[in-house]
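# next one to model:
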Amino acid sequence: MDYQAIYKLWINSSVIDDSAKEELRALTNEKEIEDRFYKNLEFGTGGLRGKVAAGTNRMNIYTIAKATQGLALYLVKTFEKPSICIAYDSRNMSDVFAETAAKVLAANGVKVYLYESLRPTPMLSFAVRFMNAKAGIVITASHNPKEYNGYKVYGNDGGQITDDAAKEILGYIDSVDIFKDIKYIGLETAKEKEMLVYIGEEVDNAYYEKVESLVIRKNLVKEKASELKIIYTPIHGSGNIPVRTMLENLGFTNVHIVKEQEKPDGNFPTAPYPNPENPQVFDIAVNMAKEIGPDLIFGTDPDCDRIGVIVKETSGDYKVLTGNQVGVLLSEYILSARLGEGILSSKDTIIKTIVTSEMVRRITQNYDVQLMDVLTGFKYIGEKIEEFETTGSNHFVLGFEESYGYLAGGFVRDKDAVIASVLIAEMALYYKTKGKSLAEALNDLFEKYGYYKEHLISIEMEGKDGQEKIKSIIANLRDNGPKEVGTIKVAVTEDYQLSQRYNSEENSIESINLPKSNVIKFILADRSWFVVRPSGTEPKIKIYASVVGESQTDAQQKVDQFVKDIDVLLNMN
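Here you go, the predicted structure:
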């Protein structure tokens, strides 16, 4: 059935409400109609994510209900007594989508534990484990613009569902007719039948206790926490209460909140792109800093799984640290603190993604601990934590990715900005007692380990044509990979779709023992590298580039030239 036929089905169906029909009838742009109906919103390991609007390729109560009906069928088939936890963030329609999912699940015999108000994504991950639920859902589009929302599904380990589970759930979703196969039950009725329970303070408090246990230099924090001056912004999201609660519990009482961004607001009036990677979201905080003079500035994204950190450089300018820079700072701090406390072990392990800075490899080598690489996506870090706990082979101390996501402890299985805020505050406090800022601490690491510099190229390619172009670019790289970039030879090509690592200098091929993914990495003879992959959550192609220089200036010049050479190679313009 073509998109026009499906479009007409929606307009004429008695199931679709009048406001959605009016929205669809008002469409005059044929490309817009095609984009809304040429496919179903894709369900993968990240669940669903898309613009909120009517249509099969959009986020709305009907696509949410269809996905949830499929998930319910999977849970009933897989588990004897299925149960699920549901959370949502501050985005527009998040509460409605969460309630829609609860109504469908309860009607299908799945017991629902629903948060009564917004919570961060990592607290949902914790709740799944705490409640011994079989699955979890969080309604969020993370750091996307206000037009978007999403639906992330978690397994009974508290981590995002695996590739295999996603495929199985998708099979059930595809079998659901959006007009006649979906079951519903009212929330009050579900509550009366004990199929719906609201999650209360008990779970929140248990989470807070676990986060508090992650503090390493406990005496330092107990005695000096109030001396650290912090500016914090929740960027209109769900981090406001949990982050401030944790800081206060630990004695970080000198905290100044960015009032204009304090309250939850799905329109993100001060931050159209509410991403901590975007320096503009911190403009208000930086203006506050000129008067307050903080030791630390940080902000969390709408679902509080990512955190951005701002430091004051010796020049007096404020600068947003990259996700890689925060990651290497935390890696060095946590390992050195564990060494200082006498608890460092050769089993200690840091996990990073394949697109994350190689600088951390030098750090783990220095402390004689282990480093593991996984594919992009925190679910792969979560899977490793589960493996460690099952086998006892390793001790997980930190997982991070370049896109501002960090995790410590095993009680959450997704990136967690509440945990990260506590560790970053402890780290900044420690360096303050040594007379150093985080900017100075980072410069020390560059001096010690090398001047690593990374750069992300993110190009939006929306619609059907955009998706096809992304596939074409990566397919062309796979078939006609470069032998050199600029004047530097390509030494190693890693193709994660083919699970092969080709070493051109040795003319050898070895297997890559990671799940298959449409990602290619090129490692050059001078230790620079770049990775090309499609975004899993946005209509974008992403190119990650990294170099190592002799100085800050050398590294910057190298990365600037490298990006130009990659641009020529991929012919992106």
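
# just the CA trace of the helix or strand of the chain with the lowest mean pLDDT, in CSV.
Ranking every helix and strand in the chain by mean pLDDT, DSSP states H and E puts helix 463-479 at the bottom, with a mean of 87. Extracted in CSV, the C-alpha atoms of helix 463-479 (Å, rounded to 0.1, in the frame of the first residue of the first chain):
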residue,chain,number,x,y,z
GLY,A,463,13.3,12.2,4.7
LYS,A,464,13.4,9.2,2.4
ASP,A,465,16.0,10.8,0.1
GLY,A,466,18.2,11.7,3.0
GLN,A,467,18.2,8.1,4.4
GLU,A,468,19.1,6.7,1.0
LYS,A,469,22.0,9.2,0.6
ILE,A,470,23.4,8.2,4.0
LYS,A,471,23.3,4.5,3.0
SER,A,472,24.9,5.3,-0.3
ILE,A,473,27.8,7.3,1.3
ILE,A,474,28.6,4.4,3.7
ALA,A,475,28.2,1.7,1.0
ASN,A,476,30.6,3.6,-1.2
LEU,A,477,33.2,3.8,1.6
ARG,A,478,32.8,0.1,2.1
ASP,A,479,33.4,-0.8,-1.5
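
# immediately after that helix, which helix or strand?
Following the chain from helix 463-479 toward its C-terminal end, the next helix or strand by DSSP states H and E is strand 484-485.

# for the record, mean pLDDT for that following strand?
The pLDDT scores in strand 484-485 average 93.

# which other helices and strands contact that strand?
strand 520-524, helix 552-570 (3 or more CB pairs under 8 Å, 6 or more residues apart in numbering; DSSP states H and E). No exception for glycine: its C-beta is placed from N, CA and C like everyone else's.

# deepest of the ones you listed, which one?
Neighbour counts (mean count of other CB atoms under 10 Å) averaged over each of the helices and strands packed on strand 484-485 peak at strand 520-524, with a mean of 20.

# what mean pLDDT does the helix or strand following that one have?
Going down the chain from strand 520-524, the next helix or strand is strand 529-534, by DSSP H and E. Averaging pLDDT along strand 529-534 gives 94.

# all strands for the stretch 401-550 of the chain, in order.
405-407, 451-460, 484-485, 488-495, 500-503, 508-511, 520-524, 529-534, 540-549 (DSSP state E, counting those that start in this stretch).

# quick one: contacts of the first one?
Which is strand 405-407. Residues outside strand 405-407 that contact it (CB atoms under 8 Å, 6 or more residues apart in numbering) are 122, 305-307, 323, 326-327, 330, 378, 381, 398-400, 413-417, 419-420, 423.

# related to what we said a few turns ago, redo the helices and strands packed on strand 484-485 as CSV? Include mean pLDDT.
Formatted as CSV, these follow (pLDDT from 0 to 100):
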stretch, mean pLDDT
strand 520-524, 96
helix 552-570, 93
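
# out of these, which comes closest to Ile470?
Of all the helices and strands packed on strand 484-485, it is helix 552-570 that lies closest to Ile470, at 11.3 Å by CB to CB.

# what packs against the closest one?
Against helix 552-570 (3+ CB pairs under 8 Å, 6+ apart) you get strand 451-460, strand 484-485, strand 529-534, strand 540-549.

# for these, give me CSV that also has distance to Ser499.
Shown next, in CSV, are these (distance: least, CB to CB, whole Å):
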stretch, distance to Ser499
strand 451-460, 25
strand 484-485, 23
strand 529-534, 15
strand 540-549, 20
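
# turn these into CSV, including distance to Lys21 and mean neighbour count.
Output for these, formatted as CSV (distance: least, CB to CB, whole Å; neighbours: other CB atoms under 10 Å):
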stretch, distance to Lys21, mean neighbour count
strand 451-460, 30, 18
strand 484-485, 52, 18
strand 529-534, 33, 22
strand 540-549, 32, 22
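
# wait, which of these is closest to Val286?
Going by CB to CB, the one of the helices and strands packed on helix 552-570 nearest Val286 is strand 451-460, 21.7 Å.

# now do the closest one against strand 540-549, angle only.
Orientation check (axes from the mean of the first three to the mean of the last three CA atoms, to 10 degrees): strand 451-460 against strand 540-549 gives 170 degrees.

# could you please name the strands strand 451-460 pairs with and the direction of each pair?
Looking at strand 451-460 with DSSP bridges, its partner strands are strand 540-549 (antiparallel).

# and the angle from the strand it pairs with to strand 529-534?
Going by the same axes, to 10 degrees, strand 540-549 makes 170 degrees with strand 529-534.

# tell me how many other residues crowd Phe126.
Neighbours of Phe126 under the rule other CB atoms under 10 Å: 29.

# quick one: it and Val203 touch, right?
Yes - look at Phe126 against Val203 with CB atoms under 8 Å: they come within range, at 7.4 Å.

# list phi and psi for Asn355.
If you look again at residue 355, you'll see it is Val, not Asn. Phi and psi for Val355, reported as degrees, to the nearest 10, are phi -100, psi 10.

# what's near enough to touch the nearest residue to it once chain neighbours are set aside?
What sits nearest to Val355 in space, not counting adjacent residues and going by CB to CB, 6 or more residues apart in numbering, is Tyr544, at 4.3 Å. Contact analysis of Tyr544 by CB under 8 Å, 6+ apart lists 355, 402, 454-457, 530-531, 533.

# picking up where we left off before, right, and the strands of the stretch 401-550 of the chain - which one's nearest Val138?
Across the strands of the stretch 401-550 of the chain, Val138 has its closest neighbour in strand 405-407 (14.6 Å, CB to CB).

# now do that closest one, average pLDDT.
98.

# what about Lys379, distance to Ser238?
20 Å (CB to CB, to the nearest Å).

# who has more neighbours, those two?
Using other CB under 10 Å as the criterion, Lys379 and Ser238 rank with Ser238 on top: 32 against 25.

# how about the more buried one, phi and psi?
phi -90, psi 0.

# on the pLDDT front, check it for me.
Note on Ser238: pLDDT of 97.

# could I get the contacting residues of it?
Per CB under 8 Å, 6+ apart, neighbours of Ser238: 89-90, 118-120, 264, 302-304.
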